[in-house]
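[1] Please work out how this folds:
(one chain, ligands or ions: 2)
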Amino acid sequence: MTSAATLSSPGAAGGAQRLRTVGLPLLALALALVALLPLPDFWIIQLNYIGIYVLPVLGLVLLTGVCGLTSFGQAAFVGVGAYTSAYLTVNLGLSPWVTLFVGLGLTAISAALIGAITLRMSGHYLPLATMAWALALYYLMGNLDALGKYDGILGVPGLTLFGQDIGQLRLFYALVWVIALLACIAVVRLLDSRTGRAIRALAGGSQMAEAMGVNTLRHKVGVFVLAALLASISGWLFAHFQRTVNPSPFGLKMGIEYLFMAVLGGAAHVWGAIAGAGIVKMLEDQLQVLLPKLIGTSGNYELIVFGILIVLVLKYLPDGLWEAIDRRLPRAARRRDWADAPALPTKAKPAAHEVVLDVRAIRKQFGGLVAVNDISFQVRSGQITGLIGPNGAGKSTTFNLVTGVLTLTSGEVLFRGERISGLGARKIAQRGVSRTFQHVKMVPDMTVLENVALGTHLRSHSGAAKAMLRLDRAEERSLFAEAERQLRRVGMGHLLHHKAGDLAMGQQRLLEIARALCADPALLLLDEPAAGLRHKEKQELADVLRGLRAEGMAILLVEHDMGLVMDICDHIVVMEFGTHLMEGTPDEVQRSEKVRAAYLGTEH
Ligand code: ADP
Ligand code: MG
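    Ligands and ions are numbered 1, 2, ... in the order given. Predicted structure coming up:
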């Protein structure tokens, strides 16, 4: 079987896996060797700055690259960490090892507050809001007497460890890079986890993630706080490295520069943070010397070069330098270590032919248009109910009303006797309603297996901290075992480790079904699952749906392929222009003059 071959081929894939996992140790080794070289102090100091910059940029990799949330305010959180530690060490004589945590606490609180307000905004409003508070914090730092106004705080002590002065050279280099590497490891681990997959789903909009039970706002705020904490650590290092703080390194210009580092390096890659911070810092130093010489007068000419560079990068390497390298690295098959993982918990199933979904006179108006006009129908367990009607009849809108994506204008929806209308997509999913989308929604750069594992979100618990400490591996094995089981069920067992974005349309639809099944639903809503499928795939889909019906699943199916609908549905509801035209068995629907007229578009 092809699937077994893919899973167990140790050759090329195994090599690639090794190649990827040696990345970090290799970097650590290279960094250690650099420290042993007789480099001039200038270069050690450069490398220290780069290490300090890697942290906030790593935060932006998560926030902007992975989640698609652009922030110009990252430098402000560097400032919070720097100022807190500078103020407390200078004025109260506290140890920097204590003030680090005070700074982190302050950062966490302020980021959570700012995040909870601004992350509700979408589109251009979010970056604009981040600029606004970046400016506000900058002027606050510059105008508070206690913080020394624009002169800042002088005489900040250096760091000591076990009585040893860390200085600004090799010991500091060791400290800053150990912290930077640990942060990279933590982020790599986070991204490869339950929470990480939820985070990676955020960039594609919140609809799919919420339907899988992910609290998208909470995850966005979480990422925002984590990014801010990384910035805060950087600020702490910065204050005790420079031994002085003033507002200028924490202003909007630096916020833009951090963003530039992330975009240049490759905003979605942890390694991009290191590449971006390194290249920008080196380039900046060289240009600051070179350009004024060339032009003949002094000035911040490097900014002009950066401006041009960023336009070129966005045009030719929109995913950054690292993406160009990463694309050439062979993809690794994940080691299949979940063969005997314990099964995930399941919910109690409805009785045979129980009314699972009861839709009562639901109505949706978009302005003057009544897209769904007092529609009522029921869906029973162990049955496939078809919802059909010409384009624009209101089928997808009905789906969105049932699943809580849209709010009802009037009417109500009951799921297993409980009113679910008004609950919101995530709460409805929690109760056992799972769906697919007419326009496939997945995370294109995750593997098929990872995408499907997203469906298990509500059946698992591990959070970010557990992921970073790798305490989530037992649960991960169970999640992947379930994801693989559902993928095999829909006939996709041979594609587990493929990039989801490379799949054919039909396969993408099957992926969505497998993902929905991972949620252990009692009601499955499928919006045009056969669109884009070939004849044989449709037959296989029909078999899968029949199998689910036999297990007692309630299925609501929107589908244009009449052959499939008539073949597998037990009951069919026909809509036209938002209204309920008729309902009955496939035979009754096929015989109906009204239905024929609706589909032919003639008067009746
Ligand atoms: P179907 O899935 O049956 O093809 P839809 O439910 O997608 O139909 O659409 C029903 C009607 O509602 C269409 O006229 C469509 O243009 C309209 N509609 C759907 N969503 C929206 C929206 N968000 N805003 C305004 N009109 C909408
Ligand atoms: Mg539709």
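
[2] my read is Val214 is in a strand, agree?
    No. Checked against DSSP: H, G, I helix; E, B strand; the rest coil, Val214 lies outside a strand; its state is coil.

[3] residue contacts, the residue nearest to it when sequence neighbours are not counted?
    Residue nearest to Val214 in three dimensions, not counting chain neighbours: Ala198, with 4.4 Å by CB to CB, 6 or more residues apart in numbering. Quick note: C-beta positions are derived from backbone N, CA and C, even for glycine. Going by CB atoms under 8 Å, 6 or more residues apart in numbering, Ala198 touches Ala209, Met212, Val214, His219, Leu454, His457.

[4] and what of Leu564?
    Leu564 neighbours (CB under 8 Å, 6+ apart): Ala530, Lys538, Leu541, Ala542.

[5] How far off centre is stretch 576-587?
    Chain-centre distance of stretch 576-587: 39 Å, with CA atoms, centre = their mean, to the nearest Å.

[6] Quick one: name whatever helix or strand follows whichever helix or strand Leu237 is part of.
    Leu237 belongs to helix 216-242 when assigned by DSSP states H and E. Note on helix 216-242: by DSSP H and E, the next helix or strand toward the C-terminus is helix 252-265.

[7] give me the residue from this structure nearest ligand 2.
    Ser396 (3.2 Å; CB to the ion).

[8] which SS state does that residue fall under?
    Criterion first, three-state DSSP; result for Ser396: helix.

[9] got a list of what it touches?
    So Ser396 contacts Gln438, Asp527, Val558 (CB under 8 Å, 6+ apart).

[10] repeat for Leu135
    Gly251, Leu252.

[11] so what pLDDT did it get?
    What the model reports for Leu135 is a pLDDT of 93.

[12] Around Val156, how many other residues sit close by?
    Close neighbours of Val156, defined as other CB atoms under 10 Å, add up to 21.

[13] Likewise for His498?
    18.

[14] same question, Asp151
    Around Asp151 there are 11 residues (other CB under 10 Å).

[15] Top of the contacts of Leu564 by number of neighbours, please.
    Busiest of these [other CB under 10 Å] is Leu541, holding 24 neighbours.

[16] residue contacts, Gly584?
    By CB under 8 Å, 6+ apart, the neighbours of Gly584 are His571, Ile572, Ser592.

[17] Revised request: answer the last question for Ala504.
    Here Ala504 is in contact with Gly532 (criterion: CB under 8 Å, 6+ apart).

[18] buried sites along stretch 289-303?
    Leu291, Tyr301, Glu302 (16 or more other CB atoms under 10 Å).

[19] How about stretch 204-214?
    Under 16+ other CB under 10 Å, the buried positions of stretch 204-214 are Ser206, Gln207, Met208, Ala209, Glu210, Ala211, Met212, Gly213, Val214.

[20] you'd agree the last one is up against Ala429?
    Just to be clear, that refers to Val214. No. Judged on CB atoms under 8 Å, Val214 makes no contact with Ala429 at a distance of 9.1 Å.

[21] helix/strand/coil for the spatially most central residue of the chain?
    Centroid check for the chain by CA atoms, centre = their mean gives Arg200 as the closest residue, at 2.0 Å. At Arg200 the chain is in helix, as set by three-state DSSP.

[22] Spatially, and excluding backbone neighbours, which residue is closest to it.
    Nearest-residue entry for Arg200: Val443, 5.2 Å, with adjacent residues in sequence omitted and distances by CB to CB, 6+ apart.

[23] Can you check the pLDDT for the one you found?
    Predicted confidence (pLDDT) for Val443: 95.

[24] tell me the phi and psi of it?
    When read as degrees, to the nearest 10, the backbone of Val443 gives phi -100, psi 100.

[25] For it, give me its contacts.
    Arg197, Arg200, Ala201, Ala203, Gly204, Glu450, Asn451, Leu454, Ala500 are the contacts of Val443 under CB under 8 Å, 6+ apart.

[26] His269 too?
    Counted by CB under 8 Å, 6+ apart, His269 has contacts Val61, Gly65, Gly320, Trp322, Glu323, Asp326.

[27] quick one: which of these has the most company?
    Neighbour max across those (other CB under 10 Å) = Val61, 33 neighbours.

[28] so how far is ligand 1 from that one?
    Per CB to the nearest ligand atom, to the nearest Å, Val61 is found 33 Å from ligand 1.

[29] Contact partners for that residue?
    So Val61 contacts Val187, Ala262, Gly265, Ala267, Ala268, His269, Val270, Gly272, Ala273 (CB under 8 Å, 6+ apart).

[30] Spatially nearest residue to the fifth one (excluding sequence neighbours)?
    Distance criterion CB to CB, 6+ apart; nearest residue to Ala268, sequence neighbours excluded, is Gly65 at 3.9 Å.

[31] Same question for the first one.
    With sequence-adjacent residues excluded and distances taken as CB to CB, 6+ apart, Val187 is closest to Val270, at 5.2 Å.

[32] So the one you found sits against Leu58, correct?
    Yes. Counting by CB under 8 Å, Val270 touches Leu58, with 6.7 Å between them.

[33] which residues do these two both contact?
    Cys184, Val187.

[34] Which of these two has more residues huddled nearby?
    Ranked by neighbour count (other CB under 10 Å), Val270 and Leu58 place Leu58 first, with 30 against 25.

[35] Same list (the contacts of Leu564) but as JSON lines, adding pLDDT, secondary structure and distance to Tyr138.
    Shown next, in JSON lines, are the contacts of Leu564 (pLDDT from 0 to 100; DSSP: H, G, I helix; E, B strand; the rest coil; distance: CB to CB, whole Å):
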{"residue": "Ala530", "pLDDT": "93", "secondary structure": "coil", "distance to Tyr138": "56"}
{"residue": "Lys538", "pLDDT": "92", "secondary structure": "helix", "distance to Tyr138": "60"}
{"residue": "Leu541", "pLDDT": "92", "secondary structure": "helix", "distance to Tyr138": "57"}
{"residue": "Ala542", "pLDDT": "95", "secondary structure": "helix", "distance to Tyr138": "62"}
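
[36] just those residues that are near ligand 2?
    With CB under 5 Å from the ion as the criterion, the contacts of Leu564 include none near ligand 2.
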